[in-house]
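A.B. asks: sequence and predicted model, in that order:
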Amino acid sequence: MATSAQEWWERAQRVIPGGVNSPVRSFKNVGGAPFLVRSGRGAYVTTEDGRTLVDYVMSWGPLLLGHAHPAVVEAASKAAADGLSFGAPTVAEVELAEMLCGALPGFDVVRMVNSGTEATMSALRVARAATGRSKVVKFTGCYHGHHDSLLIRAGSGAATFGVPDSAGVPERLAELTMTVPYNDLGAVRQVFREWGPEIAAVIVEPVAGNMGTVLPVPGFLEGLRQVTAEAGALLVLDEVMTGFRVAWGGAQVRYGIRPDLTCLAKVIGGGLPVAAYGGRRELMELVAPLGPVYQAGTLSGNPVGMAAGLAQLRTVGGPAFYGPLEDAAQALGRGLEEAARRHGVALSTVVAGGMLSVFFAEAAPVNFDEVARTDDRAFRRFFHALLDEGIFWPPSPYETAFVSSAHDPAVVEKTLAAAERAFTVVAAG
Ligand code: KE4
């Protein structure tokens, strides 16, 4: 007797925390139990209980060409057949590093790692070594992975000292991280007036994607570049999500910002565990074995991951890919707003390249506090009503949806037809 999807879910919860290997997959933010996925193809996933869904989670960003794109699968399969890992330099690592350095103005030298968390953790270590300073500045609502220095939320009151956003993070470490509101350049200037000589870096998502999609207001990124340069601090762009998602290269190309260090992941691995951090040569030459900053990884630059990332980026080909990608996201966003309006539901959508979010509010939020004031109960009804209609939307109002080149006009139209019915449920309250 085949094991049912329900049985698999029960077994998962017995041996994996919450049954998932990453918390957001648990549906904790929307209620209900997640489904197990059996396979994916293009814009679709097929679940263990036999449903085929249009997918807007898309592995949380890596799959710019859709699930199981033939070029990516073939390249990864061929690389795997030649050996899964060597722990020695390979040509593919050089090819991907050269491609990244060619696409990002902020990249002279790049080191491969295995996750966005590793990338931002390592970039901060380089920044602290380069400046001899300990404090870092981040923004409320931005997520940079789960290492201790960045699992920090704003402290109470005027004191901008951080407090842990997770159990297990020492208070004394949290105090080295100061958290200010996104898009609030005045707050950043205030922190630098008080602590400038002690600040090693500002780390920011140049387009925020972890409080839903929130755009930088005009002048925000340019202001961060100016404030950090004047204070001798480094500007670290966390482009784990925006890298090759909002433009060829990333947000630093879209907005014309030249950071000191950049973190990448998701798209550059084509769905395999590949990430990277890099930047100006004199900074990256601080990294072992050249310099005193130690950072290492058994599977960093893994040949199968390199092959998948190269195949995806080579198939994307360059800047021309992003016009049609953003057109699809814009068509979806506009269509959702029009459908919501027909049902008297307050909805605003935010689009950047191939990423977008819906907010159940009249206007698009500019920071986390405004996101927190949107109607998350309406979001939960929207999520489940869409799922009932065969559309898998990201299971949290604080996440971002992703389109791929496989989300063609027919897929968008199918989604909008489903949304028309879903807003009836949302409007019914
Ligand atoms: P990973 O360690 O999960 O590879 O990357 C951490 C990270 C760093 N920086 C940014 C801007 C990110 O978006 C992420 C991870 N993004 C989440 C989605 N909100 C991954 C999904 C998950 O946690 O399972």
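C.D. replies: In hand now; what should we look at? Residues are numbered from 1 along each chain as shown.

A.B. asks: only C-alpha atoms for contact and neighbour calcs from this point on.
C.D. replies: OK.

A.B. asks: what residues does the protein have near the ligand?
C.D. replies: Counting by Cα under 6 Å from any ligand atom, the chain comes close to the ligand at 22, 24, 60, 115-117, 143-145, 205, 210, 238, 240-241, 399.

A.B. asks: out of those, which sit inside helices?
C.D. replies: Among these, the members falling in helices (DSSP state H) are 116-117.

A.B. asks: what ranges does this protein have for its helices?
C.D. replies: Counting by DSSP H, the helices of the chain are 5-15, 70-81, 91-103, 116-131, 171-174, 185-195, 220-231, 251-254, 281-284, 303-316, 322-342, 368-372, 376-388, 409-428.

A.B. asks: what's the end-to-end length of stretch 363-381?
C.D. replies: End-to-end span of stretch 363-381 (Cα to Cα, to the nearest Å): 20 Å.

A.B. asks: what comes up buried for it?
C.D. replies: Using 16 or more other Cα atoms under 10 Å as the test for burial, stretch 363-381 gives 364-368, 371, 374, 376, 378-381.

A.B. asks: from the chain's centre, how far out does that stretch sit?
C.D. replies: 19 Å (Cα atoms, centre = their mean, to the nearest Å).

A.B. asks: quick revisit: just the ones in strands from the residues of the chain next to the ligand, please.
C.D. replies: Asp238 (DSSP state E).

A.B. asks: how about the residue most central in space within the chain, what does it touch?
C.D. replies: Central residue of the chain (Cα atoms, centre = their mean): Met241, 3.0 Å from the mean position. By Cα atoms under 8 Å, 6 or more residues apart in numbering, Met241 lies in contact with 61, 209, 264-267.

A.B. asks: can you redo the buried residues of stretch 363-381 as CSV with pLDDT?
C.D. replies: Putting the buried residues of stretch 363-381 into CSV (pLDDT from 0 to 100) gives the following:
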residue, pLDDT
Ala364, 97
Pro365, 98
Val366, 98
Asn367, 97
Phe368, 96
Val371, 96
Thr374, 97
Asp376, 94
Ala378, 97
Phe379, 97
Arg380, 97
Arg381, 97
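
A.B. asks: which single one of the residues you listed is nearest to His343?
C.D. replies: Ala378 (12.8 Å; Cα to Cα).

A.B. asks: unless I'm mixing things up, the closest one is touching Val426, no?
C.D. replies: Yes - in this structure Ala378 lies within contact range of Val426 using Cα atoms under 8 Å: 6.0 Å.

A.B. asks: roughly how far apart are the closest residue to Val214 other than its chain neighbours and Met355?
C.D. replies: Of all residues not flanking Val214 in the chain, Ala208 sits nearest, at 5.0 Å (Cα to Cα, 6 or more residues apart in numbering). Here the criterion is Cα to Cα. By it, Ala208 lies 10 Å from Met355.

A.B. asks: and for Asp238?
C.D. replies: With Cα to Cα as the criterion, Asp238 and Met355 are 15 Å apart.

A.B. asks: Leu261 versus Val109, what's the distance?
C.D. replies: Val109 is 10 Å from Leu261, by Cα to Cα.

A.B. asks: so between the two, which is more surrounded?
C.D. replies: Leu261 (29 against 19; other Cα atoms under 10 Å).

A.B. asks: which ones are touching the residue of the stretch 301-429 of the chain found nearest the ligand?
C.D. replies: The stretch 301-429 of the chain approaches the ligand most closely through Glu399 (5.6 Å), counting by Cα to the nearest ligand atom. Residues in contact with Glu399, defined by Cα under 8 Å, 6+ apart, are 209-213, 357.

A.B. asks: could you rerun that using 10 Å?
C.D. replies: 24, 57, 60, 208-213, 356-358, 393 (Cα atoms under 10 Å, 6 or more residues apart in numbering).

A.B. asks: turn the residues you listed into CSV, columns for neighbour count and pLDDT.
C.D. replies: CSV is the format used below for the contacts of Glu399 (neighbours: other Cα atoms under 10 Å; pLDDT from 0 to 100):
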residue, neighbour count, pLDDT
Val24, 14, 95
Val57, 20, 98
Trp60, 18, 98
Ala208, 27, 97
Gly209, 25, 97
Asn210, 20, 97
Met211, 23, 97
Gly212, 28, 97
Thr213, 28, 98
Leu356, 24, 98
Ser357, 25, 98
Val358, 23, 98
Trp393, 23, 98
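
A.B. asks: quick check: Ser149 touching Ala174?
C.D. replies: Yes - using Cα atoms under 10 Å, Ser149 makes contact with Ala174 at a distance of 6.4 Å.

A.B. asks: quickly list what's touching both of these two.
C.D. replies: In contact with both Ser149 and Ala174: 135, 162, 164, using Cα under 10 Å, 6+ apart.

A.B. asks: neighbour-wise, which of the residues you listed leads?
C.D. replies: Most crowded among the shared contacts of Ser149 and Ala174, counting by other Cα under 10 Å, is Gly162 at 27 neighbours.

A.B. asks: surely that one touches Asp148?
C.D. replies: No - using Cα under 10 Å, Gly162 is not in contact with Asp148; the gap is 11.4 Å.

A.B. asks: what is in contact with these two at once?
C.D. replies: 173-174, 177.

A.B. asks: and which of these is nearest to the ligand?
C.D. replies: Thr177 (16.2 Å).

A.B. asks: dig out what Cys293 forms beta bridges with.
C.D. replies: That one is not Cys; residue 293 is Val. Beta-bridge pairing for Val293 (DSSP bridges): Val287.

A.B. asks: ok, it - how many residues close by?
C.D. replies: 19.

A.B. asks: swap in Gly32?
C.D. replies: The tally of other residues near Gly32 (other Cα under 10 Å) stands at 10.
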